[in-house]
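In: Kindly generate the corresponding structure for this input.
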Amino acid sequence: MKERDKSGSVSRKSRSTLLRGTLLVIVPAVAIVAALVLSFLLMNNDISRPFSDTPDRNATDVALRSHLGKDNHSSEALQHQGDLGSLLSLRTNFARSVALDNLLKQATFEEALGLLAESKEITETNFRESVQLEIFRKLASLDPKRAVKHTELFLRAHRLGLLAAIFREWSFSDFEAAVVFGEDYIRDFDYRDKPTLLSAILETRHDLSVDAKEKIATRLGLEYLLDQLVEYDRKRALLEDPIKGWHQLMNNTYSNLSQDDILTDIALAVIEKEGFDEFVQLLALLPDRRARTEVLNNALDVTIETDGFQSAFDRALQLVDLSNRSVVFDIAEDWANSDIHATLEAVEKIEDKELGQHVIESVVTNWAKSNPKRLLDNPDFLPEQLRDSAEYNALFWLAVRDPPAATKYLDRMSNWETAAFSESESADLSILRGNVLNNLAGNWSSRDVVGAYRWWLTSPDVVEIRESLFFQIRDRVNAANAETLVNLALEHPFKELGIGNEGAIVVQVASIDPSIAKELVVRVRARPARIRAHAAIGAAMFKQEGNPKISLEYAEELPQGDREEYLLELGKAWAMASPRLAYEYLDKLPSDESRSEAAFVLIWHNSWNRALTEQQISQLRSLLTEEQLEKLKN
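Out: Numbers count the residues shown, from 1 in each chain. The predicted structure follows:
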């Protein structure tokens, strides 16, 4: 599939949801408010309900009712008599809310504190925190200073919400007193929490001018928020009449990324107040395609939430000339994650066949990545011409997430046909199969090298590339697992890798811990392989010590008949393990043959390693036989 242009496109998950929250009257959680709090400092109630760390009174009622929904059982609540714990016996959350209001209505400060103590026994977290919020509102209405003191035993996030509720109540009844108290109290708070408390104080005073709010922010030690205060006041003015606000931005010559967010917020306001068609007319006035794409993407996010993917997809197709085609791709890919069948059906109806083909390829590729096992279990619903390519992508990504599960589907690879793969993918099926197997072996061995090695030893799917595939497992061998891996290797015939499966493990662990390798090397079955493993141990000691003494003396520990061959292999192993050291100590090798063998490997290895100079290579050539020199020419 051709690479599509996504410049200017921002991930649907990361786009701003600022205005969507304000316009749809969503009460946000405490955890996200600190980042968004300034967005409502200058908003009027007729535009939106400001964001808050804590639910407003109506929102709390919603939270208390949400478990069972609306009901007409207020009489049950009105008749309720008893303590806070008995609220849970009421049949609906609405009844609980009314009953809680009745309990708090005439409560003194001490009685409200008693209810607060009882509230800690409520096990349902959302209900408990909503109840505590209402209790603190009552405490704030009676004695806000004392109420503040009683928040200290709560965890930071919940405490911040309770404090915001207290300052909101306090500023409503005595604004100046709340500000005066806040001057000392808020200064000691974490900088992340200060904006939340400032917003709680200012929320009840939408009549204040920007200058007045700036002075209050300064009194509270929040001067660094002044620029944001001015910006959000400007934003509020634009949102009062969003169509006028849009034209105002256009008249000021839209030209920078910083206006994308406000354009999006205005667009969402237009959609809510005037409808999507009016928004489309305004969108056409925006001269920058990148900006049009970004704003349209955000607008269609809301369409998805309100009208569903089908409606958003249809609108994206209708407006494709106004925006980047990536809008269509993004919606289709997101839609597929929730309903692949409906997505494919819609994409097949795209009139522009070239666009439709690219979209369907993208959808299938991305769906294979996000739902690999589901695709592999149900490949028949995909268009036939895309199945092999989809299975390849699904297998590749399943190998990343769940390598053992991926092994159950490897037989599919034998049915793939070259024609099924697009130009962007390699037409060499052996390369594609190798990609899957290498990915599987690498990811599996990083999590469970023993499991991966057992699969490598026994799976018929890896026969063609078993030797090269071992390199994905080799680097996970260590002193702790080497013996287990050798035991597994010994359960199978001696084969592969030139020195046997167990020999390859010993060679690898030798570079990590020669002492462990010494214990295991005696279990290598074939004599030539065992001698090469001994040489790897000697080379590891040579590299660790920085001189040849111990590795040469190691020959004395070997059977008499193995020593000469060990020394021949040792020089070659030196050359591979540490070329510069090997060159320096080459004359310490005991025979002309061992030195020439080591020199040959050093020259060959230097062709890509470049550890030695041209002069050193020239000197090494003088040690080679005619046969070795001829080999280098080839």
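In: neighbours around Lys349, how many?
Out: Lys349 has 9 neighbouring residues, counting by other Cβ atoms under 10 Å. No exception for glycine: its C-beta is placed from N, CA and C like everyone else's.
In: how near is it to Val320?
Out: Distance, Lys349 to Val320, by Cβ to Cβ, to the nearest Å: 14 Å.
In: same check, this time on Ala157
Out: Look at Ala157 and Val320: by Cβ to Cβ, they are 44 Å apart.
In: can you check Leu139 too?
Out: 57 Å.
In: Looking at the two, which is more packed in?
Out: Leu139 (27 against 17).
In: for the more buried one, phi and psi?
Out: Note on Leu139: backbone dihedrals following degrees, to the nearest 10 are phi -60, psi -40.
In: Looking at it now. What's its pLDDT?
Out: Confidence at Leu139, expressed as pLDDT, is 95.
In: just the one 3 residues further on next, same as before
Out: At Leu142 the predicted local confidence, pLDDT, stands at 95.
In: ditto for Ser255
Out: 50.
In: again, but for Arg527
Out: 92.
In: Also Asp83?
Out: 64.
In: what does the one 10 residues further on give?
Out: The model reports Asn93 with a pLDDT of 69.
In: what do you get for the one 5 residues further on?
Out: In the predicted model, Val98 carries a pLDDT score of 84.
In: now do Ile186
Out: 84.
In: That one and Ser199, how far apart?
Out: Following Cβ to Cβ, the distance that separates Ile186 from Ser199 is 11 Å.
In: between those two, which one's more packed in?
Out: Ranked by neighbour count (other Cβ under 10 Å), Ile186 and Ser199 place Ser199 first, with 25 against 22.
In: any idea which helix or strand carries the more buried one?
Out: Applying DSSP states H and E as the criterion places Ser199 in helix 194-202.
In: Give the other helices and strands that that helix contacts.
Out: Under the contact definition 3 or more Cβ pairs under 8 Å, 6 or more residues apart in numbering; DSSP states H and E, helix 194-202 sits against helix 30-36, helix 156-173, helix 175-185, helix 210-219.
In: Any chance of those helices in a markdown table with mean neighbour count as columns?
Out: Shown next, in a markdown table, are those (neighbours: other Cβ atoms under 10 Å):
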| stretch | mean neighbour count |
| --- | --- |
| helix 30-36 | 17 |
| helix 156-173 | 22 |
| helix 175-185 | 16 |
| helix 210-219 | 16 |
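In: among these, where is the model least confident on average?
Out: Minimum mean pLDDT among the helices and strands packed on helix 194-202: helix 30-36, a mean of 32.
In: For Arg192, what are phi and psi?
Out: Main-chain dihedrals, Arg192, degrees, to the nearest 10: phi -70, psi -20.
In: Okay, it and Arg156: tell me how far apart.
Out: Per Cβ to Cβ, Arg192 is found 10 Å from Arg156.
In: just Gln544 next, same as before
Out: Using Cβ to Cβ, Gln544 is found at 52 Å from Arg156.
In: Over to Asn606?
Out: Asn606 is 61 Å from Arg156, by Cβ to Cβ.
In: now do Leu222
Out: Applying Cβ to Cβ to Leu222 and Arg156 gives a distance of 19 Å.
In: what sits against Ile243?
Out: 270, 274, 278, 282 (Cβ atoms under 8 Å, 6 or more residues apart in numbering).
In: Turn those into JSON lines, including distance to Glu294, neighbour count and pLDDT.
Out: As requested, the contacts of Ile243 are exported to JSON lines (distance: Cβ to Cβ, whole Å; neighbours: other Cβ atoms under 10 Å; pLDDT from 0 to 100):
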{"residue": "Val270", "distance to Glu294": "16", "neighbour count": "23", "pLDDT": "92"}
{"residue": "Glu274", "distance to Glu294": "20", "neighbour count": "14", "pLDDT": "90"}
{"residue": "Glu278", "distance to Glu294": "19", "neighbour count": "15", "pLDDT": "93"}
{"residue": "Leu282", "distance to Glu294": "14", "neighbour count": "20", "pLDDT": "92"}
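In: Adding distance to Phe470 and secondary structure, write those residues out as JSON lines.
Out: Shown next, in JSON lines, are the contacts of Ile243 (distance: Cβ to Cβ, whole Å; DSSP: H, G, I helix; E, B strand; the rest coil):
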{"residue": "Val270", "distance to Phe470": "62", "secondary structure": "helix"}
{"residue": "Glu274", "distance to Phe470": "66", "secondary structure": "helix"}
{"residue": "Glu278", "distance to Phe470": "65", "secondary structure": "helix"}
{"residue": "Leu282", "distance to Phe470": "62", "secondary structure": "helix"}
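In: For these, work out which two are farthest apart.
Out: Largest separation among the contacts of Ile243 by Cβ to Cβ: Glu274 and Leu282, giving 9.1 Å.
In: Report the secondary structure state of the closest residue to Leu116 other than its chain neighbours.
Out: Distances taken as Cβ to Cβ, 6 or more residues apart in numbering place Ile135 nearest to Leu116, at 4.9 Å, with adjacent residues excluded. Put simply, Ile135 is helix when judged by DSSP: H, G, I helix; E, B strand; the rest coil.
In: Thank you kindly, that will do.
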